[in-house]
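Undergrad: please work out how this folds:
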Amino acid sequence: MSDRSNISGASPFESVIGFSRAVRIGNHVHVSGTGPGGSEQCDAAEQADQCLTLIATALKQAGSSIEHVYRTRVYLTNVDDWEMVARIHGKFFSIVRPAATMVVVAALLDPAWKVEIEADAYTPGIG
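TA: Take a look at the predicted model:
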């Protein structure tokens, strides 16, 4: 598996659960569901900003960037938060405009999380 790279994040659960913040295979990068670590007491917009900032960091470590994201999935615990989260998504992706899905779920892993986001990107020139 020489074309595979696991990118670690800051989660203490990576080794317990057996996951990576992101995995690059060839020129594709898949970023795991990313919660708003460090902003649990913030509103949904600030949490979404934190999620996307963490995703941007993982993408950079994988040799990609926000500009190369082609798919996102946003999970919300409250449908009323969709517009403020959508504005943050637009702040990061207004030019790239990836295929995106936003769904409302009953709960996320941490009860303080209002949003969790995952993303897929490519790495130009790799693969």
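
Undergrad: and stretch 120-127, how far from the chain's centre?
TA: Relative to the mean C-alpha coordinate of its chain, stretch 120-127 is positioned 16 Å out (C-alpha atoms, centre = their mean, to the nearest Å).

Undergrad: nope, stretch 47-67 is what I was after
TA: Offset of stretch 47-67 from its chain centre (C-alpha atoms, centre = their mean): 7 Å.

Undergrad: ok, which stretches of the chain are strands?
TA: Counting by DSSP state E, the chain forms strands over residues 4-7, 22-25, 28-34, 69-76, 99-104, 115-122, given from the N-terminal end onward.

Undergrad: packing partners for the fourth one?
TA: With contacts defined as 3 or more C-beta pairs under 8 Å, 6 or more residues apart in numbering; DSSP states H and E, strand 69-76 has these neighbours: helix 44-61, helix 82-93, strand 99-104, strand 115-122. From N, CA and C alone the C-beta is placed, and that goes for glycine too.

Undergrad: who touches the closest residue to His28 other than its chain neighbours in this structure?
TA: The shortest distance from His28 to any residue that is not its chain neighbour, by C-beta to C-beta, 6 or more residues apart in numbering, is 5.8 Å, and that residue is Tyr122. The contact partners of Tyr122, by C-beta atoms under 8 Å, 6 or more residues apart in numbering, come to 27-29, 64, 68, 70.
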